[in-house]
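J.: Using only what follows, build the 3D model:
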Amino acid sequence: GNYRNDEARAALRELPGTEIQLERLDKKASARLVRSMLGKGGKNPALVDYLYGQTEGNIFFLVEVLRVLAQRAGQLDLVAEHALPADLLTGGIEQLVDRRLGQLSAAARALLELAAVAGRQLDLKVLTRACAGPDLSGWLTDCMNAMVLETPQGELQFAHDKIRERLLKQLDPSRRRLLHLQIADAIQVEYGDDKTQAPALAHHYDKAGAPEKALAYYLTAAKEAARLYAVVDARAHYAGALGALAGLPATAERRRQQVDTLVSLVSISLWAEPAEQLVAKLTEAESLLLALKAGGDFTPADQARLANVYFFLGRSTSTLCAYDRAISYFRKASEAAAQCGDDGLRVVSLGSMARCLQLQGNFGACWGLMKESLDWLSAQEYRNEWARNEWARVNGSMGMSLVVQGRVKEGMERMQETLRRSQDPTYVTRHIYMVICHLFLQDWTAMREHAQQCAVACEQTKDELMLCCAVWMLSWAESWLGFHEESAL
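T.: Numbers count the residues shown, from 1 in each chain. Here you go, the predicted model:
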């Protein structure tokens with residue numbers, strides 16, 4: 001027979017026989033189980049990821065979740081064809097979780113609710129401070145015995161996130177907000193100005209209904225994540241900041257913060273979101289600045305903000321291949337930057353305009369603008385990453401242009417120099433430049449290599465549009481190399 005060891009009575013445990021402990025499945029084993037149950041539909045990677053994320057390899061949970069998804073879909077082999085709910089807590093799982101929670105006293109459960117709000121992994125220092133400092137050893141023992149908490153690799157956490165989900169689901173919204181505030185205040189006191197705590201503080205103050213504090217921590221978290229090239233996290237934090245701003249009075253300074261946040265978000269999302277969405281964000285930013293101007297509250301710093309908005313409108317529209325519109329925006333950005341004395345943005349706007357002319361096939365008109373931009377950026381001696389990345393964009397464009405015109409040696413030297421000097425792992429365009437050069441040279445092996453590098457980088461940064469380009473180019477190269485089965489994938 002079989003039984004769950006957390007629910008077995010002593011008499012059952014003492015029966016003669018060999019006990020086999022069934023551990024959680026890893027992701028590969030979970031995938032094999034899903035395939036055995038669903039057949040062809042079980043090969044869907046998104047479905048396997050979803051099921052593993054929901055169940056963490058717990059076989060009972062996995063079978064139970066599949067049973068409920070099959071009921072929703074109408075039959076088991078249609079599960080992969082239907083939308084998957086973000087959160088799924090089935091009746092069978094709820095009963096199991098409730099039996100475990102039922103072993104705890106009311107006081108122990110109340111503290112466990114505070115822990116559930118804190119997160120899956122628990123920081124005992126924060127938890128102790130948040131609950132006003134009682135000794136937690138007895139509570140920990142009770143929770144471990146009830147198998148609601150565990151310490152794999154010495155880290156205290158909920159035994160399964162479904163336990164935490166069940167606790168959160170049953171919390172009254174007002175009490176949940178209060179608990180988030182307790183946790184946030186405890187983190188702030190315990191860790192002070194530690195920037196690594198900014199994401200947690202932003203989240204908890206946001207959920208506590210304290211948008212001003214949440215905004216400050218979201219922006220700190222976003223800037224720190226961007227500095228560390230964690231652009232996916234940075235995007236989420238900037239989006240959180242915009243949400244917090246929506247809950248604050250629309251003063252002039254808040255409008256400026258909204259503009260800055262929108263531009264920062266767009267600047268790291270150019271290949272991650274549909275260009276139409278980016279244009280909508282930037283149009284909103286432009287409207288906010290023009291409203292300040294109409295109200296007579298337009299400063300030189302706002303002029304610089306407007307220049308940046310036009311610059312990224314140019315970048316966004318160029319990804320739509322609307323090059324005439326993009327050139328118009330880059331011209332506006334250059335003029336606005338000149339008015340506020342930002343020579344860097346002025347020449348970078350000219351360089352971006354030149355790339356649009358290049359993509360239109362107007363090599364004669366683009367070359368002078370590229371050279372002016374490149375000379376200014378080179379004079380900066382690559383003193384910051386922004387200048388290095390912009391230099392790489394312009395130098396890479398010039399190298400690609402030379403290769404296309406048949407000046408292969410000179411062009412490829414520029415391309416190699418671009419790869420060597422650009423160290424930002426989130427700057428994926430450099431790989432596409434190399435792919436295009438090797439496409440014109442019909443060097444399918446090199447084209448395939450750089451397309452693979454681009455695809456790997458895009459998967460890490462979630463730059464979906466550039467990933468599509470990379471996969472398309474990869475398939476093209478593989479087809480020419482005779483790898484027809486791979487190219488079809």
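
J.: Chain neighbours aside, what residue packs nearest to residue 402?
T.: Nearest residue to residue 402 in three dimensions, chain neighbours excluded: residue 411, at 3.1 Å (C-beta to C-beta, 6 or more residues apart in numbering). Any C-beta I mention is one placed from the backbone N, CA and C, and that applies to glycine too.

J.: That neighbour - how many residues pack around it?
T.: 21 (other C-beta atoms under 10 Å).

J.: in what helix or strand does it lie?
T.: helix 408-421 (DSSP states H and E).

J.: Report all helices and strands that that helix contacts.
T.: helix 385-404, helix 429-441 (3 or more C-beta pairs under 8 Å, 6 or more residues apart in numbering; DSSP states H and E).

J.: hmm, back to that, my read: the residue nearest to residue 402 touches residue 397, true?
T.: No. With contact defined as C-beta atoms under 8 Å, residue 411 does not reach residue 397; the gap is 10.6 Å.

J.: count of residues packed around residue 358?
T.: Neighbours of residue 358 using other C-beta under 10 Å come to 21.

J.: Next one, pLDDT for it please.
T.: Predicted confidence (pLDDT) for residue 358: 88.

J.: Please report the distance of it from residue 370.
T.: 8 Å (C-beta to C-beta, to the nearest Å).

J.: List the buried residues in the helix holding residue 411.
T.: 411-412, 414-415, 418-419 (16 or more other C-beta atoms under 10 Å).

J.: got a markdown table for these, with distance to residue 240 and pLDDT too?
T.: A markdown table is the format used below for the buried residues of helix 408-421 (distance: C-beta to C-beta, whole Å; pLDDT from 0 to 100):
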| residue | distance to residue 240 | pLDDT |
| --- | --- | --- |
| 411 | 43 | 93 |
| 412 | 43 | 94 |
| 414 | 40 | 92 |
| 415 | 38 | 92 |
| 418 | 34 | 89 |
| 419 | 34 | 86 |
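
J.: quick check, nearest of these to residue 284?
T.: residue 418 (34.0 Å; C-beta to C-beta).

J.: Let's see the helix or strand harbouring residue 472 as CSV, backbone CA atoms only.
T.: Using DSSP H and E, residue 472 falls within helix 464-480. Taking Å, rounded to 0.1, in the frame of the first residue of the first chain, the C-alpha atoms of helix 464-480 are listed here in CSV:
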residue,chain,number,x,y,z
GLU,A,464,11.5,38.7,-27.9
LEU,A,465,11.7,40.6,-31.2
MET,A,466,15.4,40.3,-31.6
LEU,A,467,15.1,36.6,-30.6
CYS,A,468,12.7,36.1,-33.5
CYS,A,469,15.3,37.7,-35.8
ALA,A,470,18.1,35.6,-34.5
VAL,A,471,16.1,32.3,-34.8
TRP,A,472,15.1,33.3,-38.3
MET,A,473,18.7,34.0,-39.3
LEU,A,474,19.8,30.8,-37.6
SER,A,475,17.3,28.7,-39.6
TRP,A,476,18.5,30.4,-42.8
ALA,A,477,22.1,29.5,-42.1
GLU,A,478,21.3,25.9,-41.1
SER,A,479,19.2,25.5,-44.2
TRP,A,480,22.2,26.5,-46.4
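
J.: and it, what does it pack onto?
T.: Using 3+ C-beta pairs under 8 Å, 6+ apart, helix 464-480 is in contact with helix 429-441, helix 444-461, helix 484-488.

J.: Tell me how far the first one lies from the chain's centre.
T.: Counting by C-alpha atoms, centre = their mean, to the nearest Å, helix 429-441 is centred 27 Å from the centre of its parent chain.

J.: Same check on the longest one?
T.: For helix 444-461, the gap between its own C-alpha mean and the chain's C-alpha mean amounts to 20 Å (C-alpha atoms, centre = their mean).

J.: List the buried residues of that helix.
T.: Here helix 444-461 shows 444, 446-455, 457-458, 461 as buried, counting by 16+ other C-beta under 10 Å.

J.: Specify which member of those is nearest to residue 110.
T.: Using C-beta to C-beta, the buried residues of helix 444-461 come closest to residue 110 at residue 461, 42.2 Å.

J.: before we move on, the earlier item: which residues are in contact with the helix holding residue 472?
T.: Contacts to helix 464-480, defined as C-beta atoms under 8 Å, 6 or more residues apart in numbering, come from residues 271-275, 319, 428-429, 431-432, 435, 438-439, 442, 444-445, 447-448, 451-452, 454-455, 458-459, 484, 486-489.

J.: Quick one: mean pLDDT for that helix?
T.: 90.

J.: Give me the angle between that helix and helix 429-441.
T.: 30 degrees (axes from the mean of the first three to the mean of the last three C-alpha atoms, to 10 degrees).

J.: What angle do helix 444-461 and helix 464-480 make with each other?
T.: 150 degrees.

J.: List the buried residues of helix 464-480.
T.: Buried residues in helix 464-480 (16+ other C-beta under 10 Å): 466-467, 469-471, 473-478.

J.: Tell me which residues of stretch 283-291 come out buried.
T.: Result for stretch 283-291 [16+ other C-beta under 10 Å]: buried residues 285-286, 288-289.

J.: swap in stretch 114-131?
T.: Buried, per 16+ other C-beta under 10 Å, within stretch 114-131: 114-119, 122-123, 126-127, 129-131.
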